[in-house]
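Asks: this one's sequence-less:
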């Protein structure tokens, strides 16, 4: 289980500093309010469907988590008053693969929050022993695709949906069978 020692202050390349910590069950209302400040297009990119409001079931999945296979990080302004981002890592049972999804509050975009949060999530995944992290992106989400490519993710086709691409980064080579 994640503990308080996972709380961090992160500094973006822009110099912008922010706090990040694992989500807790009592964060549901705060996350609901946060998603009201994410553009409709970014909501569509995050959930890969048209979403007007992030409902209770999705919010519960982001806050009532096991902290082993799944972690949702919440980022706040340095003073801790404003929730500015949410970044989820969902891994398979063997902790071999993880999927990443990030949302940024509209007025905090272009400050390096997404870049630094992805770096943080990648490090957490690597520390868990995850071999590969992936991100499923809408082809129109050029900003996220470019950010992920800058961090070493490789683009691959999504066999199930031509609107999407899979971005994949190897964190740690899987052990070779003996």
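Replies: On my side now, so go ahead. As the structure is a computational prediction, the values presented were derived from the model and not from experiment.
Asks: What's the first helix or strand after the helix of greatest length in the chain?
Replies: Ranked by residue count and defined by DSSP state H, the top helix of the chain is helix 113-128. Next along the chain after helix 113-128, taking DSSP states H and E as the criterion, comes strand 132-138.
Asks: quick one: buried residues of the helix or strand just after that following strand?
Replies: Following strand 132-138 in sequence order, the next helix or strand is helix 142-150 (DSSP H and E). Neighbour-count burial for helix 142-150, with 16 or more other Cβ atoms under 10 Å as criterion, is recorded at 144-145, 147-148. Heads up, the C-betas are built off the backbone N, CA and C, glycines and all.
Asks: And the helix or strand just after helix 142-150, what does it pack against?
Replies: Beyond helix 142-150 on the C-terminal side, the first helix or strand identified by DSSP H and E is strand 154-157. Packing partners of strand 154-157 (3 or more Cβ pairs under 8 Å, 6 or more residues apart in numbering; DSSP states H and E): strand 164-170.
Asks: Any buried residues in the strand it packs on, and which?
Replies: Those would be 165-169, for strand 164-170 by 16+ other Cβ under 10 Å.
Asks: same question for the longest helix of the chain, mean pLDDT?
Replies: Average pLDDT, helix 113-128: 96.
Asks: So which other helices or strands are in contact with it?
Replies: strand 8-11, strand 17-22, strand 70-77, strand 83-91, strand 97-104, strand 132-138, helix 142-150.
Asks: These: which one's closest to residue 30?
Replies: Among the helices and strands packed on helix 113-128, the nearest to residue 30 by Cβ to Cβ is strand 83-91 (5.4 Å).
Asks: Can you give me the buried ones in stretch 91-111?
Replies: For stretch 91-111, by 16+ other Cβ under 10 Å, it's 91, 97-105, 108-109, 111.
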